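Engineer: next input, structure requested:
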Amino acid sequence: MNFAIFPPEASRQAHEVDLIFLALLAASVLILLGVLVTGIVFAVRYRRGSPAKRGQLPEWINREVEITWTVGTLFAFIFIFWFAGVTFLAEYKAPPNAEEIHVVGKQWMWKIEHPDGAREINELHVPMNVPIRLVMTSQDVIHSFFLPALRIKQDVVPGRYTTTSFNADRPGTYNLFCAEFCGRGHSTMGGRLIVETKANYQKWAQAQHHVMDVAGQGRALFTRMGCSGCHEQKDHTIAPDLAGLYAGYVQLTDGRVVRADDAYLRDSILQPTKDVVAGYKPIMPSFKNALSEGQLQLIIDYLKTLSGDGGTP
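Structural biologist: I've put the predicted structure just below:
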């Protein structure tokens, strides 16, 4: 019979999260034992009728004990805060070469699309020792993408993008859950994370039936929705040029300067009058009811391929 207190560790980050948990648990146990033992000793030693010496404590005891206790606790807290902060912030700082995978939560399934166009439902295949960046959104209600083996749990929110990243270093099949109650089918919204060696992952990827990569699909959708009619004109008098837009800076009509990230591109497609580029009129129609979450991601992926060095404010 196999009995495990913790889920398996499939990444270095999972090991570090477990260390934080065990450190906090050990500190809590030590403090509890210290308070408990001190309480028992004092209750016995200073019980009514005992010959124990009573009276004012020496001044140096009050001073030294208070300083030691306060400083020691402060440094312990700073260390734990630093270690935990570095560990958890690593989820949001994917390296530039990370493979970007799209995830859309929907009652009650996970829809996943890889850069080469391969699609999965409730399964996520990833290569071992390759940094992965997940860009996630929800089609209906709040979900939570939970991978216990990686110690990752990230809310997936409708109307916005959330991201997380990891680098799985142990091949195997692990659980995938939704950790946010999302309706009557919440308990069935699960799946598998499948970590494979690079060779096996390449075999799996080649066996998938996909006609076009996500950028190519986005390009086709960009043209089909009529976006190219305005944004690809040579003089760009009607709509701004999108080449080099992503990750650059945009001057708006109200004087603000914003960075053209995923959220900006999403808002510009769904709420085109929210952040109007300086020098242009707010004539672009909204595509709020014309595009699904998956289609929005495809167009944004296409726009990323047009990016240059970006600008400066």
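
Engineer: what ranges do the helices span in the stretch 101-250 of the chain?
Structural biologist: With DSSP state H, counting those that start in this stretch, the ranges of helices along the stretch 101-250 of the chain come out as 198-207, 214-224, 228-231.

Engineer: same for the second one, what does it pack against?
Structural biologist: Okay, so that is helix 214-224. Under the contact criterion of 3 or more C-beta pairs under 8 Å, 6 or more residues apart in numbering; DSSP states H and E, helix 214-224 touches helix 293-305. To be clear about C-beta, it is placed using only N, CA and C from the backbone, and glycine gets the same treatment.

Engineer: sketch out the low-pLDDT regions of the protein for me.
Structural biologist: Low-confidence segments of the chain (pLDDT under 70): 1-4, 60, 209-212, 307-313.

Engineer: can you give the domain ranges for it?
Structural biologist: Domains of the chain are assigned by automatic domain parsing as 1-36+58-210, 214-305.

Engineer: tell me which of the ones you listed sits nearest to Tyr46.
Structural biologist: In terms of C-beta to C-beta, the element of these nearest to Tyr46 is domain 1-36+58-210, at 15.9 Å.

Engineer: run the chain-centre distance for the closest one.
Structural biologist: In terms of C-alpha atoms, centre = their mean, to the nearest Å, the centre of domain 1-36+58-210 is found 8 Å from the chain centre.

Engineer: contacting residues around Met189?
Structural biologist: Contacts for Met189 (C-beta atoms under 8 Å, 6 or more residues apart in numbering) come out as Gln107, Trp108, Met109, Trp110, His143, Phe177, Cys178, Cys182.

Engineer: how many residues are close by the second one?
Structural biologist: Yep, that's Trp108 we're talking about. Trp108: 18 surrounding residues under other C-beta atoms under 10 Å.

Engineer: ok, and the closest non-adjacent residue to it?
Structural biologist: Excluding the flanking residues, the one nearest Trp108 by C-beta to C-beta, 6 or more residues apart in numbering is Gly185, at 3.6 Å.

Engineer: so Phe166 touches Gln13, yeah?
Structural biologist: Yes - between Phe166 and Gln13 there is a contact at 6.5 Å, judged by C-beta atoms under 8 Å.

Engineer: between those two, which one's more packed in?
Structural biologist: Between Phe166 and Gln13, counted using other C-beta under 10 Å, the more crowded position is Phe166 (26 against 21).

Engineer: distance of the more buried one relative to Asp18?
Structural biologist: Relative to Asp18, Phe166 is positioned 15 Å away (C-beta to C-beta, to the nearest Å).

Engineer: re the thing from before, let me have the domains of the chain in JSON lines, extended by distance to Phe42.
Structural biologist: Shown next, in JSON lines, are these (distance: least, C-beta to C-beta, whole Å):
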{"stretch": "domain 1-36+58-210", "distance to Phe42": "11"}
{"stretch": "domain 214-305", "distance to Phe42": "58"}
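
Engineer: would you map the strands across the stretch 51-200 of the chain?
Structural biologist: Taking DSSP state E, counting those that start in this stretch, the strands of the stretch 51-200 of the chain run over residues 99-106, 109-113, 119-121, 123-127, 132-138, 143-147, 152-156, 162-166, 172-178, 190-196.

Engineer: how about JSON lines for the ones you listed, with distance to His236 added?
Structural biologist: Formatted as JSON lines, those follow (distance: least, C-beta to C-beta, whole Å):
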{"stretch": "strand 99-106", "distance to His236": "28"}
{"stretch": "strand 109-113", "distance to His236": "31"}
{"stretch": "strand 119-121", "distance to His236": "35"}
{"stretch": "strand 123-127", "distance to His236": "40"}
{"stretch": "strand 132-138", "distance to His236": "28"}
{"stretch": "strand 143-147", "distance to His236": "39"}
{"stretch": "strand 152-156", "distance to His236": "36"}
{"stretch": "strand 162-166", "distance to His236": "31"}
{"stretch": "strand 172-178", "distance to His236": "44"}
{"stretch": "strand 190-196", "distance to His236": "44"}
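
Engineer: Ala26: which element?
Structural biologist: Under the criterion of DSSP states H and E, Ala26 resides in helix 12-45.

Engineer: buried ones in that helix?
Structural biologist: Judged by neighbour count (16 or more other C-beta atoms under 10 Å), helix 12-45 contains these buried residues: Arg12, Gln13, Ala14, Glu16, Val17.

Engineer: repeat that for stretch 259-275.
Structural biologist: Neighbour counts over stretch 259-275 (16+ other C-beta under 10 Å) mark Ala260, Asp262, Tyr264, Leu265, Arg266, Ser268, Ile269, Leu270, Pro272, Asp275 as buried.
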